[in-house]
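S.K.: coords please:
(one chain, ligands or ions: 1)
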Amino acid sequence: MTSPHRRALPSLLVSSIIITFSAAPAAWAKSPVATGTGGAAATISVQATQSAMTILNQGGNAVDAAVAAAATLGVTDPFSCGIGGGGFMMIYLAKDKRVITIDHREMAPANFKPTIFQQDGKELDFEQTVASGMSVGVPGTVRGWHEALERYGSMPLKKVLQPAIKVAADGFKVNANFSRLVASNEAKFQLFPATAKLYLKDGKALPEGSLLRNPDLAKAYRELAAGGIKVFYEGKMARAIVDTVNNPGGKVRAGAMTMADLANYEARIRQPLRSTYRGYDIYGMPLPSSGGVAVAEALNILEGYDLKSMPRDKVEHLYLEASRLAFADRNAYLADPEYLEAPVQGLMSKDYAARRRELINPMRAAAHADAGDPYPFQNDQSVPLRPAQSKLLAEGAHTTHLTVSDKDGNIVSYTFTIESWGGSGITVPGYGFLLNNEMTDFDFSGPHPNVPEAGKRPRSSMSPTLAFKNGKPAFSVGSPGGSTIITTVLQTIVNHIDLGMSMSQAVDAPRLSERNNTATNIEPGYAASDAAKALEKYGQRWSPAQEEIGAANALLFNADGTVTAVSEGWRHGVGSAQVQKLGH
Ligand code: GLU
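M.R.: Residues are numbered from 1 along each chain as shown. As a prediction, the model looks like this:
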């Protein structure tokens, strides 16, 4: 493929520039915040952040470094992401002042039809469908990395995979978080011998401190390094994927993927969504992710309030109500744009937001919001599809987000996933990676825009986001967490812009996720806080199911030209932020 945007290698080696690192290799302490003067990286894994820094220090750009970090996360966080899944990458090209996105969401195999997840007119059991060959979509990650590097990178895949190959071959120490996650998935992993062999010992999760090597994944990466995307989509690896999906073993349901499904897979270069919020330009992910639309609609609703003059409890009450309204619309209207024209323009219009705002009682939580009618706010109102139903799907809460910038000002904000923890639970034998269960992000029954169809991409919530002020990068942010991704990104923006928190305070603050459910999701310990009590006075209600929400990573571009990389300060075993310090 030709590479019109391929950049020359940044000239890091010119004599006037001295590179030092914020942390010497021997002391790769896991620090969630770092400020520097060159490139920066924030991920949830110390090894992944280190891989990004290695590539930046070798002269790679942000795209090269993001792929290096992503490949490493596929080793150290294999239950959240990897080459068996898909994702959405947002890239800012500093020289062109342009934001683009690469949609490499998994695609439904050609045998899919709207009733595929039904039997005798009833929806199949969700958990059984997750752990099955049927839930596996055609993986998009390798194609996404290929497009990113070919079009916008400066290094070949072969080079950027090297740090991840080393981690997979040498191994890494299992931490408490990793061990806990495996323990909670023992039943699923026991169904699949190749998965059990890798992550269980005598049927139990590997204990904290175990050295975990994944030589099969190192081999898979080496084959990709040598042969490129053809290996994955047409070669031996493709055959192994198809055979595994169609014969997953045991009593689990088989899928019906074909070699043609893999060979036909394409990534999409999509125009990002642009909205504005209090003087910021906010770039969000377009469909088939609902993230960009939902974040923009909620921010547009909030923009009508003078939040800066309000106490925190009131700001948070309004944030929850705006999110409720945006989710009513998101749940009703959004799906793969190649299958259905969703009213995106109407949903993102400021006038529509004003109409939605009228529904908010500033003193009282609503029990439920109905989807609105955005069609009068579209230029073309000719084919209105009124919402058929409004529901929140049972989605996983696990994915990963990373963000990288380079010394030339390019930025990547990248979320990718295999959907549930451990995806379908099926490891491709001999290749050491888990296959996604992304197809369970479809509605199991219709009528709904998001029903399964051949070649379709299920609606996502992934929300890699970039914000600009006066044409200059201001911050990047994103998170895992299924549909809570949207609320985490939204709340982090409100915390930072409206509540005046630093980016690390904004990331570390307690998360509240209102998705037009009967009650708001909160994190353990929050219900007893004064902040929770203050919100209860507005009638806000908390869901009893309480766990950590999200694992955000962000970059903040400071007025003095420095960049601050921010990861989680306490969630998910603490994230890892590193920066370059370039001096003259
Ligand atoms: N499958 C989800 C989505 O695309 C992501 C899964 C997660 O974050 O847990 O929105």
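
S.K.: rest of the way, CA atoms for contacts and neighbours
M.R.: Fine.

S.K.: and the pLDDT for residue 173?
M.R.: Residue 173 is assigned a pLDDT of 94 by the prediction.

S.K.: to clarify, my last question referred to residue 251.
M.R.: 87.

S.K.: dump the residue contacts of residue 142.
M.R.: Residues counted as contacts of residue 142 (Cα atoms under 8 Å, 6 or more residues apart in numbering) are 83, 229, 232.

S.K.: for the protein, name the helix or strand with the lowest mean pLDDT.
M.R.: Lowest on mean pLDDT, DSSP states H and E among the helices and strands of the chain sits strand 18-21, with a mean of 33.

S.K.: what does the chain put close to the ligand?
M.R.: Contacts of the chain with the ligand, taken as Cα under 6 Å from any ligand atom, map to 396-399, 419-420, 438, 441, 460-462, 480-483.

S.K.: tell me the least confident of those residues?
M.R.: Lowest-confidence member of the residues of the chain next to the ligand: residue 396, scoring 48 (pLDDT).

S.K.: residue 498: neighbour count?
M.R.: Around residue 498 there are 20 other residues, counting by other Cα atoms under 10 Å.

S.K.: so the nearest residue to it once chain neighbours are set aside, which of the three states?
M.R.: Distances taken as Cα to Cα, 6 or more residues apart in numbering place residue 308 nearest to residue 498, at 5.6 Å, with adjacent residues excluded. For residue 308, the assignment made with DSSP: H, G, I helix; E, B strand; the rest coil gives helix.

S.K.: now the longest helix along the chain: mean pLDDT?
M.R.: The helix spanning the most residues in the chain, taking DSSP state H as the definition, is helix 312-333. Mean per-residue pLDDT for helix 312-333: 97.

S.K.: return the set of buried residues in it.
M.R.: 312-333 (16 or more other Cα atoms under 10 Å).

S.K.: can you list the low-confidence ranges for the stretch 251-400 of the chain?
M.R.: Applying pLDDT under 70 to the stretch 251-400 of the chain flags the ranges 381-397.

S.K.: need the contact partners of stretch 503-510.
M.R.: 33, 491-493, 495-496, 522-523, 526, 552-554, 556, 566-571.

S.K.: quick one: which of the residues you listed sit in helices?
M.R.: Mapping the contacts of stretch 503-510 onto helices (DSSP H) picks out 491, 492, 493, 495, 496.

S.K.: of those residues, which is the nearest to residue 515?
M.R.: Comparing the ones in helices among the contacts of stretch 503-510 against residue 515 with Cα to Cα picks out residue 491 as the nearest, at 12.6 Å.

S.K.: neighbours around the closest one, how many?
M.R.: Counted with other Cα under 10 Å, residue 491 comes out at 26.

S.K.: dump the residue contacts of it.
M.R.: By Cα under 8 Å, 6+ apart, the contact set of residue 491 is 319, 506, 511, 512.

S.K.: excluding chain neighbours, what is closest to the closest residue to the ligand within the stretch 151-300 of the chain?
M.R.: Here the stretch 151-300 of the chain gets closest to the ligand at one residue, residue 289, 7.0 Å apart by Cα to the nearest ligand atom. Leaving aside its chain neighbours, residue 289 sits nearest to residue 460 (4.2 Å; criterion: Cα to Cα, 6+ apart).

S.K.: give the contact list for the one you found.
M.R.: 287, 288, 289, 290, 291, 441, 482, 483.

S.K.: if you rank these by neighbours, which is first?
M.R.: Ranked by the number of neighbours (other Cα under 10 Å), the contacts of residue 460 place residue 291 first, at 29 neighbours.

S.K.: how close does that one get to residue 106?
M.R.: Distance, residue 291 to residue 106, using Cα to Cα, to the nearest Å: 16 Å.

S.K.: stretch 204-224: end-to-end distance?
M.R.: 31 Å.

S.K.: what does it rub up against?
M.R.: Residues outside stretch 204-224 that contact it (Cα under 8 Å, 6+ apart): 75, 157-158, 161, 164-176, 178-180, 182-183, 186, 198-200, 231-232, 237, 430-433.

S.K.: same question for stretch 237-248.
M.R.: Contact with stretch 237-248 is made by 132-134, 136, 192, 220, 231-232, 254-259, 262, 426, 428-429, 431, as judged by Cα under 8 Å, 6+ apart.

S.K.: what does the one helix or strand residue 42 maps to rub up against?
M.R.: Per DSSP states H and E, residue 42 falls inside strand 40-43. Outside strand 40-43, the residues within contact range by Cα under 8 Å, 6+ apart are 32, 49, 52-53, 69, 401-406, 553-555, 563-567, 575-580.

S.K.: what about those, which are in helices?
M.R.: 49, 52, 53, 69.

S.K.: any chance of the residues you listed in CSV with neighbour count and pLDDT as columns?
M.R.: Output for those, formatted as CSV (neighbours: other Cα atoms under 10 Å; pLDDT from 0 to 100):
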residue, neighbour count, pLDDT
49, 31, 98
52, 36, 98
53, 29, 98
69, 32, 98
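
S.K.: what is the nearest of those to the ligand?
M.R.: Distances from the ligand to the ones in helices among the contacts of strand 40-43, taken by Cα to the nearest ligand atom, are shortest for residue 69, at 17.8 Å.
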